[in-house]
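Undergrad: Could you work out the structure for the sequence below:
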Amino acid sequence: DTLQNVAAGTYKVYIRNSVGCGKNLVLVVKELPLPEVRLPNDTTVCEGLPIAINVTEQSDVSYLWNTGDSTCCIRATTGGAYVLTATNLCGATSDTTVLTYTKCDYCLFVPNAFSPNGDGVNDRFRVLPTCLIDQYKIEIFNRWGQRVFSGYSAETSWDGTYKGQPAESGVYYYLITASPSDKMKGMIKEKGDLTLIR
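TA: Numbering: from 1, shown residues only. Okay, here's the model as predicted:
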């Protein structure tokens, strides 16, 4: 016999064959939840700079963006609404984020997330200068205030490791000090947070 629409829980089952031999079994039925999709908040970025839009990849889940991409992460270069639908055996969930491009006078573009998982896409966290920089320093800290990375060149990037080991997924905090070649722009001091996604 086949049972359908059985609620999650533990069931005792007695099985008997045609000659009368039987056996008691315990059957555990688990409920598979809908996939979880949480895109970043609506974001405004400087014109001409790409931005990665990521979600944490889940097993046995397929992804489809309104752009036609079928990965958990995409690289956006134009403004607009980005919709991601995640589907598993139990159904689909979707979320939307709006990306707005604007003209900026800033000399630095700081990504809000990266995913150092070795897939060749967005594997390193790097600040992108939009003007010439003479002096530069970046420090990245974990939630306990430990410095996990520092660099002294605008070309430097963080690979998501700490003391030679992969750093945990989660929110980190950066502190940047930079001196543009154009002294009319003044000294840049910027701080904020970024998300490491594995």
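
Undergrad: C-alpha from now on. contacts and neighbour counts both.
TA: Will do.

Undergrad: so how far is residue 182 from residue 188?
TA: 12 Å (CA to CA, to the nearest Å).

Undergrad: Same check on residue 175?
TA: 21 Å.

Undergrad: do residue 107 as well
TA: 10 Å.

Undergrad: for residue 65, same thing?
TA: In terms of CA to CA, residue 65 sits 41 Å off from residue 182.

Undergrad: Now do residue 85: how many residues are near it, please.
TA: Counted by other CA atoms under 10 Å, the residues lying close to residue 85 total 20.

Undergrad: That one contacts residue 63, correct?
TA: Yes: between residue 85 and residue 63 there is a contact under CA atoms under 8 Å: 5.8 Å.

Undergrad: what's the one helix or strand in the chain whose mean pLDDT sits lowest packed up against?
TA: Sorting the helices and strands of the chain by mean pLDDT, DSSP states H and E puts strand 43-46 at the bottom, at a mean of 76. The helices and strands touching strand 43-46, judged by 3 or more CA pairs under 8 Å, 6 or more residues apart in numbering; DSSP states H and E, are strand 91-102.

Undergrad: which phi and psi does residue 176 have?
TA: phi -120, psi 130 (degrees, to the nearest 10).

Undergrad: More neighbours: residue 65 and residue 182, which one.
TA: Using other CA under 10 Å as the criterion, residue 65 and residue 182 rank with residue 65 on top: 19 against 13.

Undergrad: is that one in a bridge, and if so with what?
TA: Residue 65 has the following beta-bridge partners by DSSP bridges: residue 84.

Undergrad: Also residue 114?
TA: Beta-bridge partners, per DSSP bridges, of residue 114: residue 196.

Undergrad: residues near it, how many?
TA: The tally of other residues near residue 114 (other CA under 10 Å) stands at 25.

Undergrad: What residues of stretch 143-159 count as buried?
TA: In terms of neighbour count (16 or more other CA atoms under 10 Å), stretch 143-159 has its buried residues at 148-150, 154, 156-159.
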